[in-house]
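> Give me coordinates for this.
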Amino acid sequence: MGIEFRHPHFFLLALLIPLLLVLVRRRDKTAVAFSSLALVPYHGPFPRVVFYRMLPLLRGIVIFLFIGALARPQRVSAEREYDTKGIDIVIALDISGSMLAEDFKPENRMLVAKQEATKFIRGRESDRIGLVVFARKAYTQCPLTLDYDVLIRLL
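Numbering: from 1, shown residues only. Predicted coordinates for the structure are as follows:
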């Protein structure tokens, strides 16, 4: 299991970090003066001077982490190929208003059709199954898949 980057070319932007830090440092020197707490004594555990000297480094680290996120790191596990035999099946389900007729008391046609399709799907193994629903027009509800749980949820 390793890590790959989807867009590693974004790491070229890391070459601009020193330039950005120099520009920020120049901007800080030419900035308009404003009131500050520099004259107020500070007796905390972390001296203010150390923090201000670390600020450019922290900015560089944040920019580098942002560039790393742009490169889209992805955990990659070993791919496996399975050699199975199966068939492709597409279930076509009528969702028109006529499916609300209660021919199968106390359920309607739609509920019975869903129950039977679910039984059929659960009885399959290594067959890719898709789902198309139609009324006036047909729509692909689920493309061919081996993930039967998702297919049943979409049903």
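
> Would you mark the buried spots in the worst-scoring helix or strand of the chain on mean pLDDT?
Least confident helix or strand of the chain, by mean pLDDT, DSSP states H and E, is helix 17-29 with a mean of 73. Across helix 17-29, burial judged by 16 or more other C-beta atoms under 10 Å covers Leu21. Where C-beta positions appear, they are placed from N, C-alpha and C, glycine not excepted.

> Dump the helix or strand just after that helix to PDB, keeping only the CA atoms.
Per DSSP states H and E, the first helix or strand lying C-terminal to helix 17-29 is helix 48-70. Output of helix 48-70 as PDB, limited to C-alpha atoms (Å, rounded to 0.1, in the frame of the first residue of the first chain):
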ATOM      1  CA  ARG A  48       6.900  37.300  20.900                       C
ATOM      2  CA  VAL A  49      10.100  37.800  19.000                       C
ATOM      3  CA  VAL A  50      10.600  34.000  18.400                       C
ATOM      4  CA  PHE A  51       7.000  33.800  17.100                       C
ATOM      5  CA  TYR A  52       7.500  36.700  14.700                       C
ATOM      6  CA  ARG A  53      10.700  35.200  13.400                       C
ATOM      7  CA  MET A  54       9.000  31.800  12.900                       C
ATOM      8  CA  LEU A  55       6.000  33.400  11.000                       C
ATOM      9  CA  PRO A  56       7.600  33.200   7.500                       C
ATOM     10  CA  LEU A  57       8.600  29.600   8.100                       C
ATOM     11  CA  LEU A  58       5.000  28.800   9.200                       C
ATOM     12  CA  ARG A  59       3.600  30.600   6.200                       C
ATOM     13  CA  GLY A  60       5.900  28.500   3.900                       C
ATOM     14  CA  ILE A  61       4.800  25.300   5.500                       C
ATOM     15  CA  VAL A  62       1.100  26.200   5.100                       C
ATOM     16  CA  ILE A  63       1.600  27.000   1.400                       C
ATOM     17  CA  PHE A  64       3.500  23.700   0.900                       C
ATOM     18  CA  LEU A  65       0.700  21.800   2.600                       C
ATOM     19  CA  PHE A  66      -1.800  23.500   0.400                       C
ATOM     20  CA  ILE A  67       0.200  22.600  -2.700                       C
ATOM     21  CA  GLY A  68       0.300  19.000  -1.500                       C
ATOM     22  CA  ALA A  69      -3.400  19.000  -1.200                       C
ATOM     23  CA  LEU A  70      -3.700  20.300  -4.800                       C
END
